[in-house]
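Undergrad: no sequence for this one, just the structure:
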């Protein structure tokens with residue numbers, strides 16, 4: 001019998017927003033592929049501990065690190081803690097995000113700042129730290145949204161925050177290519193997480209030719225694909241993972 005090594009054996013990964021939803025699915029898949037994973041969370045320590053325990057029970061290695069990645073100082077501390085506990089990083093998944101559904105005419109400055117501080121400013125400085133600290137040949141992956149390819153009402157601030165991130169990805173991919181580092185974004189479609197409004201579930205299911213809502217694992221697998229050695233020639237790309245809805 002030929003034994004095939006797990007594709008990410010010996011790699012260290014950091015997943016922001018890794019305690020729930022797509023982040024959790026990505027962390028679990030990266031661990032299943034052999035990576036040691038640092039799971040970042042901000043509020044729900046219990047959920048992060050549950051992910052770590054599950055990965056450990058399946059023979060993987062994972063740790064949890066609390067940090068608010070909308071704050072620059074905490075981003076730096078997060079990377080320092082991940083490196084101290086796991087070693088040099090090879091994979092960074094910038095997944096943490098927040099969501100506000102409101103018309104432009106009703107959005108407050110506080111809501112605008114909250115969305116852009118995490119989804120845009122936070123991601124930018126996560127990418128900066130990743131570019132500085134990843135080992136050569138590393139992988140940087142951002143979770144964006146297929147909503148930037150569709151038309152939605154009441155979502156302008158969220159989609160605007162993600163549209164900016166997609167341009168960060170394209171620009172950074174050019175800057176780090178000389179070190180063999182790839183930078184890509186995954187664009188989920190309608191996915192069964194807390195960010196999918198109940199009002200949209202029936203429409204979301206009908207929109208896909210598969211006639212179902214995407215599961216976090218569907219997107220986590222796409223993230224793992226970009227994190228693996230087979231994606232070495234893929235960079236600066238916006239990969240749709242929406243089950244055919246866009």
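TA: Okay, I see it. It should be emphasised that the depicted structure is a prediction, and the values quoted were computed from it without experimental measurement.

Undergrad: least confident secondary structure element in the protein?
TA: Lowest on mean pLDDT, DSSP states H and E among the helices and strands of the chain sits helix 201-207, with a mean of 92.

Undergrad: biggest helix in the protein by residues?
TA: helix 156-176 (DSSP state H).

Undergrad: check which helices and strands the least confident helix or strand of the chain is in contact with.
TA: Here helix 201-207 touches no other helix or strand, going by 3 or more Cβ pairs under 8 Å, 6 or more residues apart in numbering; DSSP states H and E. C-beta coordinates here come from the backbone N, C-alpha and C atoms, glycine included.

Undergrad: so for the next helix or strand after that helix, mean pLDDT?
TA: Helices and strands here follow DSSP states H and E; after helix 201-207, the next one along the chain is helix 216-227. For helix 216-227, the per-residue pLDDT values average out at 98.

Undergrad: one more: stretch 36-54?
TA: In this model, stretch 36-54 has an average pLDDT of 98.

Undergrad: please apply the same query to stretch 150-170.
TA: The pLDDT scores in stretch 150-170 average 96.

Undergrad: over to the residue most central in space within the chain: give its phi and psi.
TA: Centroid check for the chain by Cα atoms, centre = their mean gives residue 95 as the closest residue, at 2.7 Å. Phi and psi for residue 95, reported as degrees, to the nearest 10, are phi -120, psi -30.

Undergrad: just the strands in this protein please.
TA: 12-15, 36-41, 61-66, 91-94, 139-143, 182-188, 238-241 (DSSP state E).

Undergrad: ok, which of these comes nearest residue 221?
TA: Closest to residue 221 of the strands of the chain, according to Cβ to Cβ: strand 238-241, at 8.3 Å.

Undergrad: and the closest one, what does it pack onto?
TA: strand 182-188, helix 216-227.

Undergrad: any weak-confidence spans in the protein?
TA: Low-confidence segments of the chain (pLDDT under 70): 1-5.

Undergrad: about what we covered before: list the buried residues for the least confident helix or strand of the chain?
TA: 204-205, 207 (16 or more other Cβ atoms under 10 Å).

Undergrad: how much space separates residue 172 from residue 192?
TA: Distance of residue 172 to residue 192, computed by Cβ to Cβ, to the nearest Å: 30 Å.

Undergrad: of the two, who's got more company?
TA: residue 172 (21 against 18; other Cβ atoms under 10 Å).
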